[in-house]
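Colleague: my questions are about this predicted structure, shown below with the sequence.
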Amino acid sequence: MKGIVFTEFLEMVETTFGLEVVDSIIENSTLESEGAYTAVGTYDFNEMVSLLTCLSETSKMPINDLLYSFGYYLFDGLCKAHPEVVRAYKNPLALIYAIEDHIHIHVKKLYPDAELPNFKILEKTETSLVMIYSSSRGLYALANGLINKTFEYFGNTVTVDYELLNEAGTEVQFAIVQNG
């Protein structure tokens, strides 16, 4: 998993819960990296699982709620790191529609070893999108947070419904409808 995800996650934890909680979850997690992350590094996904689990126990919040909040937070960090990507789109649906065929291709050029989720578009209109999220990591709640923040960024409101297509959440159907 790319280091930017870890650095942004720890920034979110510090902003939301404080530096003491950041220190606590790093100390109480199993981390080969010992919690020293750089945005351009690559780290074992299990370290994120360990950090999330520890944060969930510390905060008494469900992991999927934390992942949603993180996805929402992560959008701004990704925009700062790659502003040209977001600026290339005029509306949120166009940006989301372009994830698989444009944005992920751009990401793969920058980070060839990145393991990215897949998004298969099933339906698209001017105000809606139905897609299947697929990832062995099951981070659909993070994707949901990113989707919601995308609409906020463009000044739009959205209704996002999702259906887990398997119990692990590795395949999820999202129905996204832009309001107004």
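Modeller: Here it is on my side, so go on. Residues are numbered from 1 along each chain as shown.
Colleague: now the element after the helix or strand bottoming out on mean pLDDT in the chain, going C-ward?
Modeller: Least confident helix or strand, the chain: helix 104-110 with a mean of 75, by mean pLDDT, DSSP states H and E. Later in the chain than helix 104-110, the nearest helix or strand by DSSP states H and E is strand 118-124.
Colleague: surely residue 136 and residue 169 touch.
Modeller: No - shown here, residue 136 and residue 169 do not form a contact pair, counting by C-beta atoms under 8 Å, at 10.6 Å. To be clear about C-beta, it is placed using only N, CA and C from the backbone, and glycine gets the same treatment.
Colleague: what comes up buried for the biggest helix by length in the chain?
Modeller: If you go by DSSP state H, the chain has its longest helix at helix 63-81. Neighbour counts over helix 63-81 (16 or more other C-beta atoms under 10 Å) mark 64, 66-75, 77-79 as buried.
Colleague: please enumerate the helices of the protein.
Modeller: Secondary structure of the chain (DSSP H): helices at 3-17, 19-27, 45-59, 63-81, 83-87, 92-97, 104-110, 140-153.
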